[in-house]
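In: The following comprises the amino acid sequence and a computationally predicted model.
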Amino acid sequence: MNVMPLGVFELGLASLLVFLLAFLSYWHRMEIERPLLIAAFRTAVQLSLIGLVLNAVFTTVNFYLVALIWTIMLAAAGWEVMSRQKVRVKGPGRFFIGTSSMLLSSFSIMVLTLTLVIKVDPWYSPRYAIPILGMLLGNTMNGVALAMNTFTNLAWNRWQVIEQRLALGQTSAEAIEDIWRESVRTGLIPIINSMAAAGLVSLPGMMTGQILAGNTADEAVRYQILIMFMISSGTGFGVILSLWLMRRKMFDTRDRLRLKEGFYRIESVGNKK
């Protein structure tokens, strides 16, 4: 089975739907047309560029080149996580927390999967390592961003309640336990919904791609199950680690709340409060 080719004309037809959605946003004053069009433009440009890069990378197996691409992907994911926060950490820590949690969760799961499950030789083969890390990072990034944003927003709005609990003798972990649980749930809801709907409501991307590429359905299903398990565990570990690091930043060693001293709130990009 050959994949049906897509040209610029076909992609242009698909883009008309995005422009229609942007027009409806403008007509109803929803104010999402600008970020929608920017995101669509970025999608086209970024994927086109990465396609050129991958064509070159796939022709050779160079660990340092693959590691460079991993680093760029991780840095971009860390920046996206930071930019989605309404309550942000002051200083360089605002980039470190999200990035380090994704590094430890996504990279470790990717390495374990490539070496112990798929058993690719070499394990850093770009045809496997780059797409798998991309799927892991993309989903982990969304979960971490949602969890961190929920955690800091709730803590910012309930800081007086947290102070009262600390005054009554609770530890920092006990004082924000309800906020922590709610943040974890928020971060994991998207991937849990995706797993629950897989095969019934939707056919996940990797499975669809393999079927379109001519692979058998049962082989595509096995790979998709593997990827879903990887994504869910990577997202879960990333969310938990990011909130643990955030809690350490929010309290000092004596369990005193340092929310106002270590964080700032923005109403819009570029404005601090």
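Out: Received it, and whenever you're ready, just let me know what you need. What you see is a predicted model; the values in this text were computed from it and never measured.

In: C-alpha from now on. contacts and neighbour counts both.
Out: Will do.

In: Please name the residues that touch residue 165.
Out: residue 175 (C-alpha atoms under 8 Å, 6 or more residues apart in numbering).

In: now the strands for the protein?
Out: 87-89, 263-265 (DSSP state E).

In: Please produce TSV containing these, extended by mean neighbour count and distance to residue 205.
Out: Output for these, formatted as TSV (neighbours: other C-alpha atoms under 10 Å; distance: least, C-alpha to C-alpha, whole Å):
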stretch	mean neighbour count	distance to residue 205
strand 87-89	24	33
strand 263-265	18	36
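
In: Mean pLDDT added to those, as JSON lines?
Out: Formatted as JSON lines, the strands of the chain follow (pLDDT from 0 to 100):
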{"stretch": "strand 87-89", "mean pLDDT": "87"}
{"stretch": "strand 263-265", "mean pLDDT": "85"}
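
In: As CSV, those strands with distance to residue 238 would be great.
Out: Formatted as CSV, the strands of the chain follow (distance: least, C-alpha to C-alpha, whole Å):
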stretch, distance to residue 238
strand 87-89, 18
strand 263-265, 21
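
In: just so I know, which of those strands lies nearest residue 250?
Out: Closest approach to residue 250 among the strands of the chain is made by strand 263-265 (8.1 Å; C-alpha to C-alpha).

In: ok, the closest one: who's next to it in the sheet?
Out: strand 87-89 (antiparallel) (DSSP bridges).

In: any idea how far residue 100 is from the nearest residue to residue 99 once chain neighbours are set aside?
Out: In space, and not counting its chain neighbours, residue 99 is closest to residue 78: 4.5 Å by C-alpha to C-alpha, 6 or more residues apart in numbering. Distance from residue 78 to residue 100, counting by C-alpha to C-alpha, to the nearest Å: 8 Å.

In: for residue 130, same thing?
Out: If you go by C-alpha to C-alpha, the gap between residue 130 and residue 100 works out to 19 Å.

In: So for these two, which residue has more residues nearby?
Out: The neighbour count for residue 130 versus residue 100, taken as other C-alpha atoms under 10 Å, is higher for residue 130 (21 against 18).

In: can you tell me how far that one sits from residue 213?
Out: For residue 130, the distance to residue 213 - C-alpha to C-alpha - is 18 Å.

In: And for residue 153?
Out: Taking C-alpha to C-alpha, one finds residue 153 at 44 Å from residue 213.

In: Likewise for residue 186?
Out: From residue 186 to residue 213 the distance is 35 Å (C-alpha to C-alpha).

In: out of these two, which sits in the busier spot?
Out: Ranked by neighbour count (other C-alpha under 10 Å), residue 186 and residue 213 place residue 186 first, with 20 against 13.

In: Which residue, other than its chain neighbours, is closest to the more buried one?
Out: Spatial nearest neighbour of residue 186, chain neighbours left out: residue 147 (5.8 Å); criterion: C-alpha to C-alpha, 6+ apart.

In: Just to check, that neighbour is in contact with residue 244?
Out: No - counting by C-alpha atoms under 8 Å, residue 244 is not a contact partner of residue 147; they are 11.1 Å apart.

In: Buried residues, the worst-scoring helix or strand of the chain on mean pLDDT. List them.
Out: Lowest by mean pLDDT, DSSP states H and E among the helices and strands of the chain is helix 205-212, with a mean of 74. Of the residues in helix 205-212, those buried under the neighbour-count criterion (16 or more other C-alpha atoms under 10 Å) are 206-208, 210-211.

In: which residues of the protein score low on pLDDT?
Out: The model of the chain has pLDDT under 70 over residues 1-4, 268-273.

In: for it, what spans make up the helices?
Out: Assigned by DSSP state H, the chain shows helices spanning 8-27, 33-57, 63-83, 93-102, 108-112, 126-157, 159-167, 172-175, 177-197, 205-212, 217-250, 259-262.

In: Can I get those helices in TSV including distance to residue 120?
Out: As requested, the helices of the chain are arranged in TSV below (distance: least, C-alpha to C-alpha, whole Å):
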stretch	distance to residue 120
helix 8-27	34
helix 33-57	17
helix 63-83	14
helix 93-102	23
helix 108-112	10
helix 126-157	8
helix 159-167	49
helix 172-175	41
helix 177-197	26
helix 205-212	18
helix 217-250	14
helix 259-262	44
